[in-house]
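Asks: below are the sequence and a predicted model; questions follow.
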Amino acid sequence: MSKKVSKRVQKLLEKIDTDKTYSIDEATKLVKDLKSAKFDETVELALRLNVDPRHADQMVRGAVVLPHGTGKNVRVAVFAKGAKADEAKEAGADIVGAEDLVEQVQNGNIDFDIVIATPDMMGQVGKIGRILGPKGLMPNPKTGTVTMDVAQAVKNAKGGQVNFRVDKKGNIHAGVGKASFDAEKLAENIKAFVTAINRQKPAAAKGRYIQNAALSLTMSPSVKLDTQELMDIK
C-alpha cells in the first residue's frame with residue numbers, strides 16, 4: 001500500500017525536479033524555498049558512501065568545524081580535574097566535573113550534547129560508556145574530544161564542530177546549518193563537511209566513493225546532489 005503524501009509535502013515536491021541532480025549552489029537555494037515549518041528547520045546532508053564499515057580499514061569517522069557553525073546552541077560537558085577543569089570553565093563549558101559528573105550521568109542526568117575528556121579521566125568515563133556510547137556521546141581521540149587541550153575542544157564544540165561516523169550501511173547524516181542561513185553560508189558549510197569526508201576516504205575503498213547524496217530540511221522532501229561535484233571537493 002503506497003504511503004499517502006500530505007498536501008504540504010505535495011506542494012513542496014512540485015518545486016523539486018526529482019530526475020535532476022543539483023549542484024551545491026542550486027540545492028542550497030532550493031532547500032531554503034522548501035521551508036514549511038514554524039520553527040527554524042535544520043538543513044540536513046545525507047551521504048551514502050561506498051565503504052564497508054564492518055572492516056576497520058573502511059571506517060569513516062572524524063570531526064569538522066563548520067565555518068558558519070550549525071546554528072544550534074550546544075551544551076558541552078567536560079570531564080577534567082584541577083587546572084584543566086578551570087581551563088574548560090573559562091572556555092565556556094556548560095558542565096565540568098570528574099567523579100561527581102560520572103555519578104550524575106549514572107543517575108540519568110544527561111543535560112549536554114557533546115562530551116570532552118582529558119586522557120587521565122577516560123578510566124572514569126569508561127564506567128559510563130554503556131550510557132554515553134548508544135547516545136553517540138562517548139569521547140574519542142579521532143573527533144578531538146579526548147584531549148589535554150580542553151579549551152580548544154570546547155571552543156570547537158561551541159563554534160560549530162560536527163562529529164561524523166559512517167553507520168553499518170555506509171550512511172552519514174549531519175546538520176550543516178539552519179533554514180535561516182544564507183544560501184552561500186550553507187554552501188560553504190557543506191563544502192567544508194564534504195572536504196572532511198573526502199580526506200577520510202579509506203585506501204581500501206574501491207569504486208565510486210560517494211554513491212548518493214541529498215540535502216533536505218527537517219520537514220521537507222530531499223533534493224538529490226551531484227555526487228561528482230562532491231567528490232571533486234578537496
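Replies: Happy to help now that I have it. Numbering: from 1, shown residues only.
Asks: show me what counts as buried in the longest helix belonging to the chain.
Replies: Determined from DSSP state H, the single longest helix within the chain is helix 183-199. Using 16 or more other C-beta atoms under 10 Å as the test for burial, helix 183-199 gives 183, 185-194, 196-197. Placement of C-beta: from N, CA and C, glycine included.
Asks: who are the packing partners of that helix?
Replies: Under the contact criterion of 3 or more C-beta pairs under 8 Å, 6 or more residues apart in numbering; DSSP states H and E, helix 183-199 touches helix 24-32, strand 42-49, strand 61-65, strand 161-165, strand 171-178, strand 210-217, helix 227-231.
Asks: what does the longest one contact?
Replies: The reference is to helix 24-32. For helix 24-32, the external contacting residues (C-beta atoms under 8 Å, 6 or more residues apart in numbering) are 15-16, 22, 43, 179, 183-184, 186-187, 190-191, 215-217, 220, 223, 225-226, 229-230.
Asks: if you set the cut-off to 7 Å instead, what comes out?
Replies: Residues outside helix 24-32 that contact it (C-beta atoms under 7 Å, 6 or more residues apart in numbering) are 15, 22, 43, 179, 183, 186-187, 190-191, 215-217, 220, 223, 225, 229.
Asks: gap between it and the chain center?
Replies: 19 Å (C-alpha atoms, centre = their mean, to the nearest Å).
Asks: isn't G129 up against M138?
Replies: Yes. The pair G129 / M138 is scored as a contact, 5.9 Å apart, by C-beta atoms under 7 Å.
Asks: compare the two (neighbour count), which wins?
Replies: Applying other C-beta atoms under 10 Å to G129 and M138 shows that M138 carries more neighbours, namely 20 against 13.
Asks: shouldn't the more buried one be in contact with R130?
Replies: No. Counting by C-beta under 7 Å, M138 stays clear of R130, with 9.6 Å between them.
Asks: which of the residues in the host helix or strand of K89 are buried?
Replies: Here K89 sits within helix 82-90, counting by DSSP states H and E. By neighbour count with 16+ other C-beta under 10 Å, helix 82-90 contains the buried residues 84-85, 87-89.
Asks: and if you look at stretch 13-21?
Replies: 16, 21.
Asks: avg pLDDT for that stretch?
Replies: Summarised as a single mean, pLDDT over stretch 13-21 is 91.
Asks: gap between the two ends of that stretch?
Replies: In stretch 13-21, first residue to last residue: 14 Å (C-alpha to C-alpha, to the nearest Å).
Asks: likewise for stretch 97-117?
Replies: Span of stretch 97-117 from end to end, C-alpha to C-alpha: 10 Å.
Asks: what's the spacing between that stretch and its chain's center?
Replies: Mean C-alpha position of stretch 97-117 versus that of the full chain (C-alpha atoms, centre = their mean) differs by 21 Å.
Asks: mind listing what's buried along that stretch?
Replies: Buried-residue list, stretch 97-117, by 16+ other C-beta under 10 Å: 97-98, 101-102, 104-105, 110, 112-117.
Asks: contacting residues for the closest residue to P119 other than its chain neighbours?
Replies: Distances taken as C-beta to C-beta, 6 or more residues apart in numbering place V146 nearest to P119, at 5.9 Å, with adjacent residues excluded. Neighbouring residues of V146 by C-beta under 7 Å, 6+ apart: 117, 119, 122, 139-140.
Asks: ok, V162 - contacts?
Replies: 63-64, 66, 70, 174, 193.
Asks: distance of it from K72?
Replies: Distance, V162 to K72, using C-beta to C-beta, to the nearest Å: 10 Å.
Asks: just R165 next, same as before
Replies: Noted for R165: a distance of 18 Å to K72, by C-beta to C-beta.
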